[in-house]
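Undergrad: Make a model of this:
(chains A, B, C and D)
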Protein chains: 2
Amino acid sequence: MKIGQVSKKTDLPVQTIRYYETQNLIKSAGRTEGNFRVYDSKVIDQLEFIKHCRHLDLSLSDIKRINELRDNPNAVCEEVNELINDQVKLVKIKMKELRHLKTQLEALTNSCSNNQKVGDCGIIKSLQECDC
Amino acid sequence: MKIGQVSKKTDLPVQTIRYYETQNLIKSAGRTEGNFRVYDSKVIDQLEFIKHCRHLDLSLSDIKRINELRDNPNAVCEEVNELINDQVKLVKIKMKELRHLKTQLEALTNSCSNNQKVGDCGIIKSLQECDC
DNA sequence: TTAATATCTATAGCCACTATAGAGTCAAGA
DNA sequence: TCTTGACTCTATAGTGGCTATAGATATTAA
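TA: You can find the predicted model right below:
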């Protein structure tokens, strides 16, 4: 299988697959005589795994670590669990920040009665005074 | 006032102030004979404005646009309002994504009873099967 | 045979900084 | 006056996770 086919099967851009190779998330593929990458079907599972992890916003280095642990089935599960828990913590922090952001932004839009001149704009005035 | 003092007053790294200059968010400062940047106190307000906008996660190009409108007090407020509303929309989308993420991650942690071997780890198994 | 398509590498761009190297400037103390 | 240290300067590279481009080579279909 060449990279284009892998790309279609996984719905990942060709570039991204090559990028994952440079980052050692997947092994370097074999090559044809003409220097084209050749893959067997295993790579599809590997890429789907990566996709799933990325979907959870895990970093590539986290994914790399999980892959290392996967390759060593006697390793203890704890580290994977910690990784995921750390990720949950990160997500919670981001959510809190976004909630705060949303409150502030909505307060701003309320301070604008449209079609005023910028000189009188409540938004701009609010941006000038810091309430943080 | 030299850049270090501006940095202290605004609590922005010196590098960042120079960076904002390269991005035309603040005007090029005057220079001393020895080529050091010299600022008057106006720049403090400008930087606080930028800080406040960044705090709302507005992009530098949005901030630049708002600055342009500010400099033209006859401009109509509408565009500023739209900018902020777009930002609210973005934040809402991000929040939705994060909520989804959190649900998925928490489901993962629940699938792990600690101190198992990686080979039996529920998290890793779940990551292999895609439920999205 | 030729044209279209697929692939290759290398490089730059995105965003908003942050960090580093190496050189120059300046003020205070000995 | 000299030196030391703090400050500043520019230019460049790195962050993360791609994405886009250029220019070359390979393969495939008509």
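
Undergrad: Could you list the domains of chain A?
TA: Domain ranges of chain A: A:3-75, A:93-132, per automatic domain parsing.

Undergrad: what about the longest one, near DNA strand D?
TA: Yes - on the criterion C-beta under 7 Å from any atom of the strand, domain A:3-75 is in touch with DNA strand D at A:13, A:15-16, A:19, A:32-36, A:54, A:59-61. All C-beta atoms are positioned from the backbone trio N, CA, C, and that covers glycine.

Undergrad: average pLDDT for that domain?
TA: Domain A:3-75 shows a mean pLDDT of 94.

Undergrad: do it and DNA strand C meet at all?
TA: Yes - part of domain A:3-75 sits near DNA strand C under the criterion C-beta under 7 Å from any atom of the strand, namely A:3-5, A:7, A:14, A:18, A:29, A:35-37.

Undergrad: got the domains of chain A as TSV, with mean neighbour count columns?
TA: TSV is the format used below for the domains of chain A (neighbours: other C-beta atoms under 10 Å in any protein chain shown):
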stretch	mean neighbour count
domain A:3-75	15
domain A:93-132	15
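
Undergrad: closest one to residue A:87 among the ones you listed?
TA: Closest of the domains of chain A to residue A:87 is domain A:3-75, at 6.1 Å (criterion: C-beta to C-beta).

Undergrad: Which residue would be the closest one in chain A to DNA strand D?
TA: residue A:34 (2.1 Å; C-beta to the nearest atom of the strand).

Undergrad: Contacts only, for that residue.
TA: With contact set as C-beta atoms under 8 Å, 6 or more residues apart in numbering or on different chains, residue A:34 has no partners.

Undergrad: how far away is it from residue B:55?
TA: 54 Å (C-beta to C-beta, to the nearest Å).

Undergrad: Just the helices from chain A, written as ranges.
TA: A:3-10, A:14-22, A:42-55, A:60-70, A:78-110, A:122-128 (DSSP state H).

Undergrad: Of those, which is nearest residue B:93?
TA: helix A:78-110 (9.9 Å).

Undergrad: Can you list the helices and strands that the closest one packs against?
TA: Packing partners of helix A:78-110 (3 or more C-beta pairs under 8 Å, 6 or more residues apart in numbering or on different chains; DSSP states H and E): helix A:60-70, helix A:122-128, helix B:78-110, helix B:122-128.
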